[in-house]
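following is a predicted model, sequence given first.
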Amino acid sequence: MLLIWRAMLLLGCVDCCLSTGQPCVVGVVGGWATLPCVDHHAEDLEMGNGTVEWRSSQGAMVHSSVSGEEPPYSGRAQLLAADRRSGDLSLRLSSITLADAQDYHCYRSTAGQQTAERLCRVCLTAAARYSEPELHRVPVPEGGDAQFSCSSSGGFPEPRVHWLLNSQRPPVDTERTHHTQDPVTGLVSVSSRLTVSVHSTQDISVSCTIENPRLNESRSSSERSYSVQAHGLGVKWVFSAALCVAVAVMVAATLCYQISLDRKSMRKSRTWTEELKGGGSSGSLEEWGGMMVDTELLDSLTETDV
């Protein structure tokens, strides 16, 4: 269905350009368009003495002064001039759809003519207005680049998307735009994403514009301000905090271990001292001297640690 829409519209536009060399009449979907045609021999069209017909390039009867219209143009087409003798045979087509984009032919026939005379060939192309762009910030993982999304829908043909970052155009490689087309209506939705990398925490302003080149029409979002954190700053902060916690734990463990050793040494020193005072004379002189040396060494170590 999508390919059928595109092929039909493209063939209609190409056929018009090759056949008439004139720009197409642009009709807005849901609105109306006037297909102009002037008969320079209107005096031949006496009331009731001639027939005016508008037909599509596919052969459908768009409007006939005798038989009216055929589907899908029933109730949607009428001649602008009430009196055909004025020479104005322009047709007004309402409730425009994308399927209406094609060539239209105006024929005139009078009594006695064997074949109808083609007076005009008019190209009609269709366009649809896009909705107001919606701009918002996209959530990203901690430490990732800032991303912003701009979306709009219900338009035709595919639009151009323009970003402004701090009132300037960002690099092209920071933008990514995606279009989708409704398989039933043929209308287009657009979604564009802008990626911003910064090296320091700062405030930035962002806006986007959706341009419809066929209608020469643009719709812009309001400019919004955001506070953007430098790329990788959150990761560095987490790493630094984890490193500080690890160092603190190691220092605390070392202090606890040292305090435990000091307490054991002090208890051992007191025990030796009490044994010497309570009758440890039966020991040999060498043991006494060694214990004295150990006691003095432990006392000096304890004082040093403290």
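Here it is on my side, so go on.

how about the helices in the stretch 151-300 of the chain?
For the stretch 151-300 of the chain, the helices defined by DSSP state H, counting those that start in this stretch occupy 233-277, 285-305.

out of those helices, which gets the lowest mean score?
Among the helices of the stretch 151-300 of the chain, helix 285-305 carries the lowest mean pLDDT, a mean of 47.

which secondary structure element of this structure has the lowest mean pLDDT?
helix 2-19 (a mean of 39; mean pLDDT, DSSP states H and E).

which residues are contacting the helix or strand that that one is followed by?
Next helix or strand after helix 2-19 toward the C-terminus (DSSP states H and E): strand 25-28. Residues outside strand 25-28 that contact it (CB atoms under 8 Å, 6 or more residues apart in numbering): 33-36, 93, 96, 100-101, 122-129, 214-215. C-betas here are computed from N, CA, C, even on glycine.

can you select the buried ones among these for me in PyMOL?
Buried residues among those (16 or more other CB atoms under 10 Å), as a PyMOL selection:
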select buried, resi 33+35+93+96+100+101+122+123+124+125+126+127+128+129+214+215
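
identify the bridge partners of the spatially most central residue of the chain.
By CA atoms, centre = their mean, the chain has its centre lying nearest to S192, at 2.6 Å. Counting by DSSP bridges, S192 is bridged to C150, T177.

ok, it to Y130 distance?
12 Å (CB to CB, to the nearest Å).

same check, this time on D182
Relative to Y130, and taking CB to CB, D182 is found at 13 Å.

so which of those two has more stuff around it?
Y130 (24 against 15; other CB atoms under 10 Å).

can you check the pLDDT for the more buried one?
The per-residue pLDDT reported for Y130 equals 98.

report how many residues lie close to the residue lying closest to it once chain neighbours are set aside.
Distances taken as CB to CB, 6 or more residues apart in numbering place G155 nearest to Y130, at 3.4 Å, with adjacent residues excluded. Using other CB under 10 Å, G155 has 24 neighbouring residues.

touching, G155 and T185? I think so.
No. Contact criterion CB atoms under 8 Å: G155 and T185 do not qualify, at 11.0 Å.

partner residues bridging A33?
Here A33, judged by DSSP bridges, has bridge partners L93.

how confident was the prediction at it?
Note on A33: pLDDT of 97.

can you give me the neighbour number for G68?
Here the number of neighbours of G68 (other CB under 10 Å) works out to 13.

just the one 10 residues further on next, same as before
The criterion is other CB under 10 Å. On that basis, Q78 has 14 neighbouring residues.

secondary structure element holding it?
Counting by DSSP H and E, Q78 is part of strand 77-79.

and this structure, what are its domain boundaries?
Residue ranges for the domains of the chain, per automatic domain parsing: 2-127, 134-231, 234-305.

ok, of these, where does mean pLDDT dip lowest?
The bottom spot among the domains of the chain, by mean pLDDT, belongs to domain 234-305, with a mean of 61.

show the contacting residues for V140.
146-147.

how much space between it and M250?
The value you get for V140 to M250, if CB to CB is used, is 35 Å.

how about G31?
Counting by CB to CB, the gap from G31 to M250 is 75 Å.

do the same with C150
Distance from C150 to M250, by CB to CB: 50 Å.

who has more neighbours out of these two?
Taking C150 and M250 together and counting by other CB under 10 Å, C150 has the greater number of neighbours (25 against 10).

my read is that that one contacts L135, right?
Yes. Counting by CB under 8 Å, C150 does reach L135; the two are 5.2 Å apart.

got any residues that touch both of these two?
With CB under 8 Å, 6+ apart as the test, C150 and L135 both reach 208, 221.

pull the number of nearby residues for the nearest residue in space to L89 that is not next to it in sequence.
Nearest non-adjacent residue to L89, counting by CB to CB, 6+ apart: C37, 4.5 Å away. C37: 23 surrounding residues under other CB under 10 Å.

one more: N212?
Neighbour tally, N212, other CB under 10 Å: 21.

separation between it and V247?
61 Å.

got the buried residues for stretch 192-212?
192-196, 206-210, 212.

among those residues, name the ones in strands.
Of the buried residues of stretch 192-212, the ones assigned to strands by DSSP state E are 192-196, 206-210, 212.

between these, which sits nearest D262?
V196 (57.5 Å; CB to CB).

so how far is R169 from the closest residue to the closest one other than its chain neighbours?
For V196, ignoring the flanking residues on the chain, the nearest one in space by CB to CB, 6+ apart is A146 at 4.4 Å. For A146, the distance to R169 equals 17 Å [CB to CB].

who has more neighbours out of those two?
Set A146 next to R169 and count neighbours by other CB under 10 Å: A146 wins out with 19 against 10.
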